[in-house]
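1. Provide a 3D model corresponding to the input given below.
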Amino acid sequence: MIKTELANGMMTTDISCSDDDFPKLLEKAKTGDKNTQYELGVFYEEEHQYEKAIEWYRKSAEQGHIQAQLDLAFFHHIKITPPNYTEALKWYTKSAAQGNMQAQCNLGVMYENGEGVEINYEEAKKWYQKSAEQGLSEAKELLATLRHKTLTVIK
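-> Residues are numbered from 1 along each chain as shown. Prediction:
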């Protein structure tokens, strides 16, 4: 149920570049351009070079790139074994604070399931609600399921 998604709700697009363009892209990323750093992260992820992807996502995320923060959190939460819930929580929180609805939803999942945090249904509800208010259907479904779950637990 966890996905990486752009803040506007569209899925991440493929980044492709020719062999001639790659050195220019790398050089621009090394100058600190957060968008190019993010693009390199996507490129390396698509090439299954995950350590390099994480490196470039982190550089971009540290500069506040909302999608890089989400993708970096997703790596730590889902893609690496064992998961690093502390890092996932950190980066989801940063992305969610900027309004990323997918990051908000993923935070809800972590709080509902007690991944790196104690189970906290109120906190999960808060994050699902924020995401649902932006229109993420997944968050609406998870919110409804959580409401049913908490009603069942109370009985």
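2. switch to C-alpha atoms for all contacts and neighbour counts from now on
-> Noted.
3. Which segments of this protein make up each domain?
-> Domains of the chain are assigned by automatic domain parsing as 12-63, 69-155.
4. ranges for the helices of the chain?
-> 22-30, 34-46, 50-61, 66-74, 85-97, 101-113, 121-133, 137-154 (DSSP state H).
5. would you turn the domains of the chain into CSV with mean pLDDT and mean neighbour count?
-> Shown next, in CSV, are the domains of the chain (pLDDT from 0 to 100; neighbours: other CA atoms under 10 Å):
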stretch, mean pLDDT, mean neighbour count
domain 12-63, 88, 17
domain 69-155, 95, 19
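6. surely Asn84 meets His76?
-> Yes: using CA atoms under 8 Å, Asn84 is in contact with His76, at 5.0 Å.
7. how far away is the most centrally placed residue in the chain from Glu27?
-> With distances taken as CA atoms, centre = their mean, the residue of the chain nearest its centroid is Leu70 (2.3 Å). Per CA to CA, to the nearest Å, Leu70 is found 24 Å from Glu27.
8. Repeat that for Lys130.
-> Noted for Lys130: a distance of 38 Å to Glu27, by CA to CA.
9. before we move on, what about Thr36?
-> In terms of CA to CA, Thr36 sits 9 Å off from Glu27.
10. With Lys125 instead?
-> 43 Å.
11. Equivalent analysis for Pro82, please.
-> 33 Å.
12. Kindly report the same for Glu133.
-> Separation of Glu133 from Glu27 (CA to CA): 40 Å.
13. swap in Asn106?
-> For Asn106, the distance to Glu27 - CA to CA - is 33 Å.
14. Repeat that for Glu118.
-> 43 Å.
15. For the residue nearest to Thr150 when sequence neighbours are not counted, list the residues it contacts.
-> Spatial nearest neighbour of Thr150, excluding adjacent residues (CA to CA, 6 or more residues apart in numbering): Tyr121 at 7.7 Å. When contacts are counted by CA atoms under 8 Å, 6 or more residues apart in numbering, Tyr121 touches Tyr111, Glu112, Leu146, Thr150.
16. now these in TSV, with distance to Asp21?
-> Formatted as TSV, the contacts of Tyr121 follow (distance: CA to CA, whole Å):
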residue	distance to Asp21
Tyr111	42
Glu112	44
Leu146	48
Thr150	53
